[in-house]
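S.K.: All I have is the shape, not the residue letters:
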């Protein structure tokens, strides 16, 4: 008897799959950010190390629940007028 095909969108994911996705997402976001800073603003290695440390510090604070994604978006909007998109919609 043939096994019924499982819709890939409905396959169960493990906790380690979720943690790996979070880690990969953070690494990708950091790589994009640092590449822009280097290419557009000529950041040197020391400046990129400082930016990387700040990035991981904020990520850690979010992970610990001390600040939220919405907190960051709100500060960027209110203090600097920077709009962040979420699924094509402005978030602020």
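M.R.: Cool, the structure landed. Being a predicted model, the structure only gives us computed values, none of them experimental. Residues are numbered from 1 along each chain as shown.
S.K.: Mean confidence (pLDDT) on stretch 52-70, please.
M.R.: The average pLDDT for stretch 52-70 rounds to 94.
S.K.: Pretty sure residue 85 sits in a strand.
M.R.: Yes - the assignment for residue 85 is a strand, going by DSSP: H, G, I helix; E, B strand; the rest coil.
S.K.: residue boundaries of the helices in the chain?
M.R.: Ranges of helices within the chain are 15-41, 45-63, 69-80, based on DSSP state H.
S.K.: Just tell me which of these ends up closest to residue 6.
M.R.: helix 15-41 (15.1 Å; Cβ to Cβ). All C-beta atoms are positioned from the backbone trio N, CA, C, and that covers glycine.
S.K.: can you redo the helices of the chain as TSV with distance to residue 6 and mean neighbour count?
M.R.: Shown next, in TSV, are the helices of the chain (distance: least, Cβ to Cβ, whole Å; neighbours: other Cβ atoms under 10 Å):
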stretch	distance to residue 6	mean neighbour count
helix 15-41	15	11
helix 45-63	31	12
helix 69-80	32	13
